[in-house]
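*Asks:* Let me see the structure of the following:
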Amino acid sequence: MEGTSFWSFLTEQLQHFYNFTGFANFTPGHGVMIAIGIFFIFLAIIKEWEPMLLIPIGFGIIIGNIPFTEGFALGIYEDGSVFNYLYFGVRYGVYPPLIFLGIGAMTDFSALISNPKLILIGGAAQFGIFGAYAIALAMGFNGAEAGAIGIIGGADGPTAIFISSKLAPHLLGAVAISAYSYMALVPVIQPPLMKLLTTNKERLIRMKPPRSVSKLEKVLFPIIGILLTTFVVPSGLPLLGMLFFGNLLKESGVTKRLADTAKGPMIDIVTILLGLTVGASTQADVFLNSTSLRIFGLGALSFVIATVAGIMFVKLMNLFLRPENKINPLIGNSGVSAVPDSARVSHIIGLQYDKTNYLLMHAMAPNVAGVIGSAVAAGILLSFLY
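*Replies:* Model (predicted):
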């Protein structure tokens, strides 16, 4: 009897242990999400598509979908868990402004200062945000949800996270993953649209070399920039303020250590924490639903609208410009905020038609304008939806 009791006790304990393992709590949804996380890592390593983002996000997806029994403070949505504390920066919009600080510290606005009219291309590309917003409303999403979804069209992951954390926290995971996915797919999505919407003659347009920009202009730009943008949309202050502050650290020439910290160790640390926790927030029971699929579809549509709007706006501008001042419409795609990937795509496609026509320096102007434009658009959405 004692032997029977021992084996019964042992079996009971093993069964109890098994009930707490991932095997006992595993669902097909967990398998799907883990496969998606591995796929993201594959794209980052094999294709080298946004590895700094996709590897943390992909591994975060795996972490967030390891099955477990609730009550042990393990999951990202469980109060008191380590991941829940780290997720605070996403949930309350702390990480995105810090990312913008680093972006400002590493961005050279010279191309934009040299040719200010190119900022209009960055503004035109934001039509993707408001176009998707209108379509999301028509599909039955409420105003706040539509605003969070529409911002995907800006191709700006930090801004998408910031907006969705304010307007629709329950959609944050789907919006963030969608935004970063399409940022990584810039080299895939944009080239066919660029070729479809331009003629061979337009692709061969040579633009004037940018003029030399003085240090005074570079220093004044972030000061004037924050005054002009935040007086119009004060609600964009967390993003725009940090962007222009970071740029002033860079251009002042007297705060090199601060600028190096902002664009180096700090942005790297924040990127790790943001990517990992955003990925971990995509738990299968929260993420796998029809709403997420609709958000992915709308995200793709908003990105296409933004790209098309930028290209078509350049073609419209050229109708009013002298021949020597015409703009190559291949840089219209770079009005989205995916810096510097969309500008690099403009350059690569341009070289396919003329190996001596270097568009990168020109494309960087609307590209950095897109960063400002997406933050302004975010402020506009917050001003009437928050």
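
*Asks:* where do the strands sit along the stretch 101-250 of the chain?
*Replies:* In the stretch 101-250 of the chain, no strands are defined using DSSP state E, counting those that start in this stretch.

*Asks:* low pLDDT regions in it?
*Replies:* By pLDDT under 70, the stretch 101-250 of the chain contains no weakly predicted segment.

*Asks:* what are the ranges of the helices in it?
*Replies:* Remark: helices assigned in the stretch 101-250 of the chain by DSSP state H, counting those that start in this stretch are 110-114, 119-125, 127-138, 143-150, 157-167, 172-184, 186-197, 200-203, 215-232, 237-251.

*Asks:* and of these, who's closest to Leu98?
*Replies:* Taking C-beta to C-beta, helix 237-251 is the member of those nearest to Leu98, at 7.0 Å. From N, CA and C alone the C-beta is placed, and that goes for glycine too.

*Asks:* helices or strands up against that closest one?
*Replies:* helix 95-106, helix 157-167, helix 215-232, helix 256-261, helix 360-385 (3 or more C-beta pairs under 8 Å, 6 or more residues apart in numbering; DSSP states H and E).

*Asks:* does Thr255 really touch Phe245, like I thought?
*Replies:* No: if you go by C-beta atoms under 8 Å, Thr255 and Phe245 don't touch, sitting 10.3 Å apart.

*Asks:* So between those two, which is more surrounded?
*Replies:* Taking other C-beta atoms under 10 Å, Thr255 and Phe245 do not tie; Phe245 has more neighbours (18 against 15).

*Asks:* Nearest spatial neighbour of Glu70, chain-adjacent residues omitted?
*Replies:* Residue nearest to Glu70 in three dimensions, not counting chain neighbours: Glu78, with 6.6 Å by C-beta to C-beta, 6 or more residues apart in numbering.

*Asks:* How many neighbouring residues does that neighbour have?
*Replies:* Residues near Glu78, counting by other C-beta under 10 Å: 15.

*Asks:* now swap in Ala138 and tell me
*Replies:* Ala138 has 9 nearby residues by other C-beta under 10 Å.

*Asks:* try the one 3 residues further on
*Replies:* Residues within reach of Phe141, counting by other C-beta under 10 Å, total 22.

*Asks:* Tell me who's in contact with it.
*Replies:* Ile149 (C-beta atoms under 8 Å, 6 or more residues apart in numbering).

*Asks:* and the residue most central in space within the chain, how far is that from Leu276?
*Replies:* The residue lying closest to the centre of the chain (C-alpha atoms, centre = their mean) is Gly157, at 1.8 Å. According to C-beta to C-beta, to the nearest Å, Gly157 stands 14 Å off from Leu276.

*Asks:* My guess is Leu298 contacts Ala148. True?
*Replies:* No: between Leu298 and Ala148 there is no contact under C-beta under 8 Å: 10.5 Å.

*Asks:* okay, these two: which has more neighbours?
*Replies:* Ala148 (31 against 23).

*Asks:* my guess is that one meets Leu167, correct?
*Replies:* Yes: applying C-beta under 8 Å as the test, Ala148 and Leu167 come out as touching, 4.6 Å apart.

*Asks:* any idea how far the nearest residue to Tyr92 once chain neighbours are set aside is from Gly89?
*Replies:* Excluding the flanking residues, the one nearest Tyr92 by C-beta to C-beta, 6+ apart is Ser165, at 6.6 Å. In this view, Ser165 and Gly89 are 10 Å apart by C-beta to C-beta.
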